[in-house]
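Student: sharing a sequence plus its predicted fold:
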Amino acid sequence: MTASSLTFPSRLWLSVWCAFNVLFDRKLAASVASLRAGAVEPSALPAPVPVQKVDDAPAASSNGALQLLSLLQREGRFVDFVEQEITAFGDADIGAAARLVHEGCRRALHAHGRIVSVRSEAEGASLTLAQASVDVKLVGNVAGSAPYRGVLRHRGWRVEELTLPRSIGAHDPKLVAPAELELS
């Protein structure tokens, strides 16, 4: 495929793919940096590794997000809450439901993982960053260069540990919650 034959949607998808793969693949990042600096010809770059579809990925790695979603549903009925049309309910009813969902989802997260704040400062604190960092998103009037001075609006979250249960038997990982039939 030549560069001139790439359609806009193809180029958009390629840019998204490149962004994520450059973040997680040091060799690719180094190759892209060399190409950008003009130190290497595009034809000298290694052939790209084909993108693996989720359906083709090994069960242990591709189903983690589905397992976590299942845990949040089981403990806090998260999917039920998000999928419920709430415009007809009053604020008090939504608040009461949110409290139950919050308690259950928090219990599930604490039972299976350890999530810590990215920054230790209190929200609302003045903060100076010597340089841009992937763990701090610059928002507001973003202009100029480091050092960046502003107010911490969100401390951020980082997963320190996550232990998901092993699947047993012929469990379908895409089944977040089975339908329930009450027998009389």
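Tutor: Sure thing, it's come through. Residues are numbered from 1 along each chain as shown.

Student: which SS class is the residue nearest the centre of the chain?
Tutor: In the chain, the C-alpha closest to the average C-alpha coordinate belongs to Ala65, at a distance of 9.4 Å (C-alpha atoms, centre = their mean). When classified by DSSP: H, G, I helix; E, B strand; the rest coil, Ala65 comes out as helix.

Student: cool, and His102?
Tutor: With three-state DSSP as the basis, the three-state label of His102 is helix.

Student: got a list of what it touches?
Tutor: Gly76 (C-beta atoms under 8 Å, 6 or more residues apart in numbering). For every residue, glycine as well, the C-beta is placed using N, CA and C.

Student: any idea how far Asp172 is from it?
Tutor: His102 sits 28 Å away from Asp172, taking C-beta to C-beta, to the nearest Å as the criterion.

Student: helices or strands up against the host helix or strand of Val79?
Tutor: Assigning secondary structure by DSSP states H and E places Val79 in helix 78-83. If you count contacts as 3 or more C-beta pairs under 8 Å, 6 or more residues apart in numbering; DSSP states H and E, helix 78-83 packs onto helix 64-76, helix 91-112.

Student: and the shortest one, how far out from the chain's middle?
Tutor: The chain centroid and the centroid of helix 64-76 are separated by 15 Å under C-alpha atoms, centre = their mean, to the nearest Å.

Student: any idea of the mean pLDDT in it?
Tutor: For helix 64-76, the mean pLDDT works out to 90.

Student: now swap in stretch 112-119 and tell me
Tutor: The average pLDDT within stretch 112-119 is 93.

Student: what does that stretch rub up against?
Tutor: Outside stretch 112-119, the residues that touch it by C-beta under 8 Å, 6+ apart are 68, 71, 109, 127, 135-136, 152, 155-165.

Student: can you rerun that using 6 Å?
Tutor: Where contact means C-beta atoms under 6 Å, 6 or more residues apart in numbering, the residues beyond stretch 112-119 that reach it are 135, 155-163.

Student: run through the strands of this structure in chain order.
Tutor: Secondary structure of the chain (DSSP state E): strands located at 113-117, 126-129, 148-151, 157-162.
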